[in-house]
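Asker: model the following, please.
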Amino acid sequence: MKKKYWWIIFIYIAMQFSGFLGIPLLNELGVPEKQLFGMWGTISFIAALVIILYMLIPEMRSRHRDSERVSKGSAVLWSIIGIFMAYAAQIIASLIEMNVFGIQPGSENTEMLVEIVKDVKYFMIVTAIVGPILEEIIFRKIIFGSLHKRFNFFVSALISSLIFAAVHADFTHLLIYTAMGFTFAYLYVRTKRLLVPIAAHVAMNTLVLIVQIFLADKIKEMEKQLETAQLIIGGLL
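Answerer: Numbers count the residues shown, from 1 in each chain. Have a look, this model is predicted:
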């Protein structure tokens with residue numbers, strides 16, 4: 001692995017733990033307690049992304065001369081296909097978790113992020129856009145990409161996906177993270193364009209936020225109405 005990549009990974013890890021210093025600092029500055037994590041998360045994630053993108057500028061310029069990359073039109077098409085592939089992979093993995101392992105749907109990590117967004121609306125930028133971009137750079141471009149130079153696709157995708165799950169600290173849904181990791185890795189290998197898995201990842205996170213934040217109450221109300229209708233029909237029968 002390139003020395004620069006190790007530095008990028010170090011920056012990413014430092015960002016993850018920067019809250020131990022940043023959150024107490026914001027607290028001392030009088031930031032409301034409910035906004036501490038969201039505000040510092042936004043600052044640290046955006047700062048890390050700017051630094052990492054700056055470090056990758058030479059590579060981004062050289063990639064334009066890569067003849068193996070698919071065309072821009074194909075990249076757009078694969079981005080759309082990738083969104084459906086990612087959702088399909090998540091649904092299949094979720095069904096396996098429920099029916100084979102008895103794991104109930106719902107992620108504590110996702111619930112925590114949704115609660116933060118409710119308190120700090122602009123944190124949505126991090127969870128929907130900045131976070132997925134950073135994760136695709138770290139887990140697909142750097143970790144998977146470096147492993148794929150030495151190992152086959154399956155081994156490289158598996159290792160990078162397991163690390164991906166570990167960072168999210170959500171081992172209960174390890175299968176879902178692994179399925180997502182394989183999907184994004186395939187999109188990256190197939191197109192040689194990191195923007196393709198980034199687009200699929202951003203779309204997934206954005207939809208989850210929209211459903212959890214803006215449509216959650218409506219969905220609960222529809223569920224109640226459905227349950228009421230079932231009870232009425234059951235009583236009539």
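Asker: name the element A14 belongs to?
Answerer: Using DSSP states H and E, the element containing A14 is helix 3-17.
Asker: who are the packing partners of that helix?
Answerer: Where contact means 3 or more C-beta pairs under 8 Å, 6 or more residues apart in numbering; DSSP states H and E, helix 3-17 is packed against helix 36-63. In short, each C-beta sits where N, CA and C put it, glycine included.
Asker: which helices and strands sit right next to the helix it packs on?
Answerer: Going by 3+ C-beta pairs under 8 Å, 6+ apart, helix 36-63 lies up against helix 3-17, helix 19-28, helix 108-119, helix 131-135.
Asker: lowest-confidence stretch among the ones you listed?
Answerer: Least confident of the helices and strands packed on helix 36-63, judged by mean pLDDT, is helix 108-119 with a mean of 83.
Asker: any idea which helix or strand comes after that one?
Answerer: helix 124-125.
Asker: so how far is L113 from F17?
Answerer: Using C-beta to C-beta, to the nearest Å, we find F17 at a distance of 17 Å from L113.
Asker: kindly report the same for I92.
Answerer: I92 is 23 Å from L113, by C-beta to C-beta.
Asker: the more surrounded of these two?
Answerer: L113 (24 against 13; other C-beta atoms under 10 Å).
Asker: hang on, the more buried one packs against T127?
Answerer: Yes - if you go by C-beta atoms under 8 Å, L113 and T127 touch, sitting 5.2 Å apart.
Asker: so where is the chain shaky, pLDDT-wise?
Answerer: Within the chain, the ranges that satisfy pLDDT under 70 run 63-67, 215-237.
Asker: the helices and strands packed on helix 36-63: which one's closest to N205?
Answerer: helix 131-135 (5.5 Å; C-beta to C-beta).
Asker: other SSEs contacting the helix or strand following that closest one?
Answerer: Downstream of helix 131-135, the next assigned helix or strand under DSSP H and E is helix 145-148. Counting contacts by 3+ C-beta pairs under 8 Å, 6+ apart, helix 145-148 packs against helix 153-168.
Asker: list the buried residues of whichever helix or strand comes after the helix it packs on.
Answerer: On the C-terminal side of helix 153-168, the closest following helix or strand by DSSP H and E is helix 174-191. Neighbour counts over helix 174-191 (16 or more other C-beta atoms under 10 Å) mark 174-189, 191 as buried.
Asker: ok, stretch 18-36 next?
Answerer: Neighbour counts over stretch 18-36 (16+ other C-beta under 10 Å) mark 18-19, 22-23, 26, 31, 36 as buried.
Asker: also stretch 192-210?
Answerer: For stretch 192-210, using 16+ other C-beta under 10 Å, the buried residues are 193-205, 208-209.
Asker: so which of the residues you listed are in strands?
Answerer: Here DSSP state E is the test, and these give no hits in strands at all.
Asker: so of these, which ones are in helices?
Answerer: Applying DSSP state H to these, the entries found in helices are 195-205, 208-209.
Asker: now render these as JSON lines, adding distance to I52.
Answerer: Shown next, in JSON lines, are those (distance: C-beta to C-beta, whole Å):
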{"residue": "L195", "distance to I52": "15"}
{"residue": "V196", "distance to I52": "19"}
{"residue": "P197", "distance to I52": "16"}
{"residue": "I198", "distance to I52": "13"}
{"residue": "A199", "distance to I52": "18"}
{"residue": "A200", "distance to I52": "20"}
{"residue": "H201", "distance to I52": "16"}
{"residue": "V202", "distance to I52": "17"}
{"residue": "A203", "distance to I52": "22"}
{"residue": "M204", "distance to I52": "21"}
{"residue": "N205", "distance to I52": "18"}
{"residue": "V208", "distance to I52": "24"}
{"residue": "L209", "distance to I52": "23"}
